[in-house]
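Student: next input, structure requested:
(one chain, ligands or ions: 1)
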Amino acid sequence: MSDILKELAAILEARKSESPDSSYVASLYAKPDKMLEKIGEEAVETIIAAKNEDREQIIYETADLWFHSMVMLAQKGLSPDDVLNELARRFGVSGHDEKASRK
Ligand SMILES: N=c1c2ncn([C@@H]3O[C@H](COP(=O)(O)OP(=O)(O)OP(=O)(O)O)[C@@H](O)[C@H]3O)c2ncn1[C@@H]1O[C@H](COP(=O)(O)O)[C@@H](O)[C@H]1O
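Tutor: Numbers count the residues shown, from 1 in each chain. Sure thing, here's the model as predicted:
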C-alpha cells in the first residue's frame, strides 16, 4: 500500500476512539448516513469535473471521493489493502504484498 494510504488509514482508525465533535472524520463515524451520502456527493462532483474536462478539479474531487470511501472502509473494518488485493486479483496476480485486514 502506498505510504499515503497507509498513513491516512492509520489516522482514520485512530479517529474511531475520538469524540464526534473532535474532528471531521470522527463526526462522520457518528453519522453513517451522512458518511455514505458524502460518497455519492463526491462521486457526482467527480463526474461533473470529468464532463467539464477540468483536470485539476478531477484530481481534487477524486481525492475527496477516495477519502470518503476510505472512511467508509474503515468504518466497516476494511482497509485500502482489501481493495488493492481485489484489484490485484483481477489482474491475475496472487495478491497484494501486504496482509489485508479481511481474509
Ligand atoms: N483527506 C482528508 C479530506 N479530504 C476531504 N476532507 C473533508 O471532506 C469535506 C468535503 O466536503 P465538501 O467538498 O462537500 O466540502 P464542504 O462543503 O466543506 O463539506 P460539507 O459542509 O458539505 O460537509 C471537507 O470538509 C473536507 O475538509 C478531508 N478531511 C480530512 N482528510 C484527512 O483526514 C485526516 C483526519 O481528518 P480530521 O478527522 O478532520 O482531523 C486529516 O489529517 C486529513 O489527512
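
Student: show me where this protein has strands.
Tutor: For the chain, strands defined by DSSP state E do not occur.

Student: what residues does this structure put near the ligand?
Tutor: Proximity of the chain to the ligand, by CB under 6 Å from any ligand atom, involves residues Leu8, Ile11, Arg15, Ser23, Tyr24, Val25, Ala26, Asp64, Phe67. Yep, even glycine has a C-beta here, placed from its N, CA and C like the rest.

Student: quick one: neighbours of the first one, just the number.
Tutor: Okay, so that is Leu8. 19 (other CB atoms under 10 Å).

Student: how far away is it from Ile39?
Tutor: Per CB to CB, to the nearest Å, Leu8 is found 16 Å from Ile39.

Student: and if you look at the last one?
Tutor: When distance is defined by CB to CB, Phe67 is 10 Å away from Ile39.

Student: repeat for the fourth one
Tutor: In this structure, Ser23 and Ile39 are 18 Å apart, going by CB to CB.

Student: between the two, who's got more neighbours?
Tutor: Counting neighbours by other CB under 10 Å for Ser23 and for Ile39 shows that Ile39 has the greater number, 17 against 14.

Student: and the pLDDT at that one?
Tutor: On pLDDT, Ile39 comes in at 98.

Student: how about the nearest residue to it, chain neighbours excluded?
Tutor: Spatial nearest neighbour of Ile39, chain neighbours left out: His68 (4.8 Å); criterion: CB to CB, 6 or more residues apart in numbering.

Student: just checking, that neighbour touches Lys38?
Tutor: Yes: shown here, His68 and Lys38 form a contact pair, counting by CB atoms under 8 Å, at 4.5 Å.

Student: which neighbours do the two have in common?
Tutor: Taking CB atoms under 8 Å, 6 or more residues apart in numbering as the contact rule, His68 and Lys38 both touch Leu28.
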